Structures are given as structure tokens and as C-alpha cells.
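In: Build me a model from this:
(one chain, ligands or ions: 2)
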Amino acid sequence: MHIIETRDLTYSYPGGIDALRSVSMHIPRHARIAVLGSNGAGGKSTLFSHFCGVLTPTSGQVLVHGEAVTKKNIREVRKTVGMVFQNPDDQIFSPTVEQDVAFGPVNLGLDEETVAHRVDGALRLMDADHLRHRTPPTSSREGEKKRVAIAGVLAMEPPQVIVLDEPSSGLDPPQGVRELTGFLRTLPPDTYGMTVIFSTHQVDLVPEIADYVYVMQDGVIAGEGTPDEIFLREELLRGARLDVPPILARLLRSLRQNGGQD
Ligand SMILES: Nc1ncnc2c1ncn2[C@@H]1O[C@H](COP(=O)(O)OP(=O)(O)O)[C@@H](O)[C@H]1O
Ligand SMILES: [Mg+2]
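Out: Numbering: from 1, shown residues only. Ligands and ions are numbered 1, 2, ... in the order given. A predicted model of the protein is given here:
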């Protein structure tokens, strides 16, 4: 069974455009999925808002563990799917980092000891223990801010799925991004039996983290496949208005000339 599945998911903002049109995707457990699309029109953020029930489909379905997401099971869904929004300011509003990370578990109604245990574990995993008693990082420290936001999600219960909307936004490329992807890769799969879904408009981030890619363009899936398959489809990347770094473009061209697939 897929941990997340969408079936012909269509969503129109009230009075607005169709931000998603008949999107069908299957996300197996433990997968590392990239949703790649240019900024502002892909539908990536709209899609992710459906994974945790923030938005309700205009038509079609979102299934988590094979069950349609409804108002009734939304609490369960949010325990399974941890969301890290694009702008961590949306989440950080506590006086200290420790309290901020504790916010979710406290809201789950967990006892003090369990909360403390979760907070310790999450801060340690994100290498943010030294920030514990500080005020939550401000935008001048984007990397730390992102790590605190992720720690907050991890502390909820190890969520089975972590969804990160544009995790590299605001980070110092390439240093900050490499740091973040490093953390994601070292999350222990036995405790955090984790499926990772992230969106990005940065093509070069994909092969570093993802084993499967969906390319989104104007609310539809324009293509999907492994990074190797996707990167050989120049017309797909260009059609989706993605910015392919010149050095990568050259490399791909020479791969194609040498016979494509392998
Ligand atoms: N709150 C909103 N109200 C109306 N239209 C929106 C809203 N949010 C996004 N959109 C529109 O939906 C489309 C997809 O946006 P979004 O999901 O944010 O794409 P992406 O995350 O790939 O940049 C865009 O055309 C955008 O203008
Ligand atoms: Mg977005």
C-alpha cells in the first residue's frame, strides 16, 4: 500500500484558477520524492497543503495509508504526515527554541516527561541542542531557523512522512542546502521510518536527495521518473520553465549524445 496517494486530485482556489488538475501520484513508504517545478505556477504548495488536510480537494482524492483524508481522521493524518512549511515564520512564535519544538507534542496531550524526551531527541538529531535556550532564530539565520522548524516536526512523534515545501528557500546555497540535505539523509530510518517528500525549483538539488521525481507545470504532472530518466528529457525541463544550471545542461547534452539511457 502507498503511504500517500492522490487520485485525479483537482483544486481550484475560490474564484481563482485551477491550481491542480487531475494529479495522480503514488508515494511508497521510505521513498524520497522530489516535486520539481518553477516558482509560482507549478501547484507544489497547493498539492502539499492537501497532504495534511489544510485544503480539501475540489474533486478527486487524497489517501493516506489507503484512507481518504476527511475531517474525521485529520488528527491521525497529521500525526502521520509532518509538514515543514516554506516560511518557518509560520511556525515559530515561542519565546525559546525548546518551547517552540515542544509546542506540537504538548498539543498532542503528551505528558511532560515524554515531551522532554521528544524535544531532546529532535534537537539532537537536527544538531540544534545548543540553540535550546535561545529565542527562535530570526531570518538572519535561515539555516538554523529551518532546522528548528524540522525539529518541531520530528518531535511530534516520529512522523512517517516528512513534507518539506521548498526546503532550500532562504538557505545559503550551496552550503546551507548541503547541510540540510545532509541532515535529511542521516535521519535514522529505523526510528524515523521516514518517507521524504520535498518541493523545489532548483534542479541541482534533486539528484542529491530524491530517488523519484514528479515534474509539475501549471497544476499538472508533466513528467515523472527517476532523476536519471527525468534529466535526459530536455524538452520536459524546458517546458516546465526550470532553470538548468549551464554545467548540468552541458553534461546532460553529452550524455544524450553518447546514447541516452545508460
Ligand atoms: N491562496 C491563493 N488564492 C488564489 N490563488 C492561489 C493561492 N495560492 C496559490 N494560488 C495560485 O495557484 C497556482 C499554484 O500556486 P502554488 O501552489 O503556490 O505553486 P508553487 O508552489 O508550485 O509555486 C498559482 O497560479 C497561484 O497563483
Ligand atoms: Mg510554493
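In: From ligand 2, how far off is the residue nearest to residue 159 when sequence neighbours are not counted?
Out: Distance criterion CB to CB, 6 or more residues apart in numbering; nearest residue to residue 159, sequence neighbours excluded, is residue 82 at 3.4 Å. Every C-beta, even on glycine, is put in place using the N, C-alpha and C of the backbone. Noted for residue 82: a distance of 18 Å to ligand 2, by CB to the ion, to the nearest Å.
In: hey, what's residue 82 bridged with?
Out: On the basis of DSSP bridges, residue 82 is bridged to residue 162.
In: Neighbours of it, how many?
Out: 25 (other CB atoms under 10 Å).
In: Tell me if I'm right that it and residue 153 touch.
Out: Yes: the criterion here is CB atoms under 8 Å, and residue 82 meets it with residue 153 at 3.7 Å.
In: shared neighbours of those two, anything?
Out: Common contacts of residue 82 and residue 153 (CB atoms under 8 Å, 6 or more residues apart in numbering): 159, 162.
In: show me where this structure has strands.
Out: Using DSSP state E, the strands of the chain run over residues 4-12, 18-27, 32-36, 59-64, 67-68, 81-84, 161-164, 195-200, 212-217, 220-225.
In: Take those strands and lay them out in a markdown table including mean pLDDT and distance to ligand 1.
Out: Formatted as a markdown table, the strands of the chain follow (pLDDT from 0 to 100; distance: least, CB to the nearest ligand atom, whole Å):
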| stretch | mean pLDDT | distance to ligand 1 |
| --- | --- | --- |
| strand 4-12 | 97 | 8 |
| strand 18-27 | 96 | 3 |
| strand 32-36 | 93 | 8 |
| strand 59-64 | 96 | 15 |
| strand 67-68 | 94 | 21 |
| strand 81-84 | 86 | 13 |
| strand 161-164 | 88 | 12 |
| strand 195-200 | 90 | 6 |
| strand 212-217 | 96 | 6 |
| strand 220-225 | 97 | 11 |
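In: quick one: which of these is nearest residue 131?
Out: strand 81-84 (16.6 Å; CB to CB).
In: Could you export that closest one as PDB, CA atoms only?
Out: Output in PDB follows, covering the C-alpha atoms of strand 81-84 (Å, rounded to 0.1, in the frame of the first residue of the first chain):
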ATOM      1  CA  VAL A  81       2.400  13.500   7.900                       C
ATOM      2  CA  GLY A  82       4.700  16.200   9.300                       C
ATOM      3  CA  MET A  83       4.700  19.400   7.300                       C
ATOM      4  CA  VAL A  84       7.500  21.900   7.200                       C
END
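In: No more questions from me, cheers.
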